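**Student:** dropping the sequence and predicted coords here.
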Amino acid sequence: MDNIDPKRRSANMARIRGKDTAPEMQVRRIAHRMGLRFRLHRKDLPGKPDLVFPKHRLAVFVHGCFWHRHPGCARASSPSTRVDFWAAKFAANVARDARQQEELGRLGWNVLVVWQCDLKDQGAVATVLKSATEISP
């Protein structure tokens, strides 16, 4: 049972942002410290990737474990209320993510997904970004 009234719950959910989230800002800071230059949320690419490295043809999505259902992650728990609603919502998110990544691949872009829980080890994220940007275009 939800212990917050519906109006307050609705207000809380409405405040969840899709851009400039804390995990996204962390990845941006890491990339910037590495000297990598990127563009943000390019509208001409499927899914409007969070970071785009045009020189390397790399699109980076920073996914929250809860919303994008990180397999095997404790943060990908499911709410106990409105189970059918949340199952459909999460399934649609995962299907949309797969569709967008596949479309980017068809357009010749490499796709990298950085999960929110991966940001605990920023050195590992930097290593992944380094290896992904060293791939020849």
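**Tutor:** Received, thanks. Bear in mind the structure is a predicted one, so any value in this text is a computation, not a measurement.

**Student:** hey, let's count contacts and neighbours off CA atoms from now on
**Tutor:** Noted.

**Student:** hmm, who's touching the one helix or strand residue 62 maps to?
**Tutor:** For residue 62, the enclosing helix or strand under DSSP states H and E is strand 58-63. With C-alpha atoms under 8 Å, 6 or more residues apart in numbering as the test, strand 58-63 has contacts from 23-24, 27, 49-53, 109-116, 132-133.

**Student:** could you rerun that using 7 Å?
**Tutor:** Residues external to strand 58-63 that are found in contact with it (C-alpha atoms under 7 Å, 6 or more residues apart in numbering): 23-24, 49-53, 109-116.

**Student:** now do residue 57 against residue 84, distance only.
**Tutor:** Separation of residue 57 from residue 84 (C-alpha to C-alpha, to the nearest Å) stands at 38 Å.

**Student:** check residue 19 too.
**Tutor:** From residue 19 across to residue 84, the span is 27 Å (C-alpha to C-alpha).

**Student:** neighbour count winner among the two?
**Tutor:** residue 19 (12 against 9; other C-alpha atoms under 10 Å).

**Student:** and the nearest residue to that one once chain neighbours are set aside, how many neighbours does it have?
**Tutor:** Distance criterion C-alpha to C-alpha, 6 or more residues apart in numbering; nearest residue to residue 19, sequence neighbours excluded, is residue 50 at 7.5 Å. Neighbours of residue 50 under the rule other C-alpha under 10 Å: 24.
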